[in-house]
Every structure is written in structure tokens, then in C-alpha cells.
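Enquirer: from the sequence below, what's the structure:
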Amino acid sequence: MGVAGEYVGAIIGYAGRTIREIERVMGVQINISKGELKARTSEREVVISGTREAVDAAEVMIVQRVSDAANSHCR
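Expert: Residues are numbered from 1 along each chain as shown. Presented below is the predicted three-dimensional model:
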């Protein structure tokens, strides 16, 4: 999946706590590209590995985190 570079911090969290918590709770491995953007976008690539159900659940959590960050940014 792709995440706008400005919201990657919302996924990683302070000292990586948020991403580690998502990985632990969902039983997945999450890798975020180190600065390189997806082709022709302003998004960084986020790769989630695990069972289909766990990956789907982790995607929902990530989308919610990004949505929360975007909403608080607009206020």
C-alpha cells in the first residue's frame, strides 16, 4: 500500500512504538520504504507481510492512523 510521506510518522509513532504495536497485535511484519517514493506519486511504499486476514486488519489500522493524523492536521 502507499502512504503519503507526511503521514508515515503517524504509522511509525514515537521511537517506533506504534508500528511495533501494530506488528505485535496483528501478527504481521511491516516494512516502510526509506524515503524513496512510489513511481509518479508522493507516497512511500508500505509492505505488510502475514496471513491475509492479519494483513487486511493491519491495513485497516494503518488507514485509521493516517486518517486520524490527516484530520488533526486539518484542524
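
Enquirer: what about Asn71, is that helix, strand or coil?
Expert: helix (DSSP: H, G, I helix; E, B strand; the rest coil).

Enquirer: neighbours of it, how many?
Expert: Counted with other C-beta atoms under 10 Å, residues neighbouring Asn71 total 9. In this view, the C-beta of every residue, glycine as well, is placed from N, C-alpha and C.

Enquirer: any idea how far it lies from Gly50?
Expert: Look at Asn71 and Gly50: by C-beta to C-beta, to the nearest Å, they are 27 Å apart.

Enquirer: is Ile32 located within a strand, as I assumed?
Expert: Yes - counting by three-state DSSP, Ile32 is part of a strand.

Enquirer: the residue lying closest to it once chain neighbours are set aside: what secondary structure?
Expert: In space, and not counting its chain neighbours, Ile32 is closest to Val46: 5.2 Å by C-beta to C-beta, 6 or more residues apart in numbering. Look at Val46: counting by three-state DSSP, its state is strand.

Enquirer: isn't Val46 up against Met1?
Expert: Yes - using C-beta atoms under 8 Å, Val46 makes contact with Met1 at a distance of 5.1 Å.

Enquirer: which of the residues in the helix or strand bottoming out on mean pLDDT in the chain are buried?
Expert: Lowest mean confidence among the helices and strands of the chain (mean pLDDT, DSSP states H and E): strand 29-37, at a mean of 86. By neighbour count on 16 or more other C-beta atoms under 10 Å, the buried set for strand 29-37 is 30, 32-33.

Enquirer: which among the residues you listed gets closest to Asp56?
Expert: Closest approach between the buried residues of strand 29-37 and Asp56, by C-beta to C-beta: Ile30, at 13.5 Å.

Enquirer: so in terms of bridging, what pairs with that closest one?
Expert: Beta bridges link Ile30 to Ile48 when assigned by DSSP bridges.

Enquirer: surely it is in contact with Glu45?
Expert: No - using C-beta under 8 Å, Ile30 is not in contact with Glu45, being 11.1 Å away.
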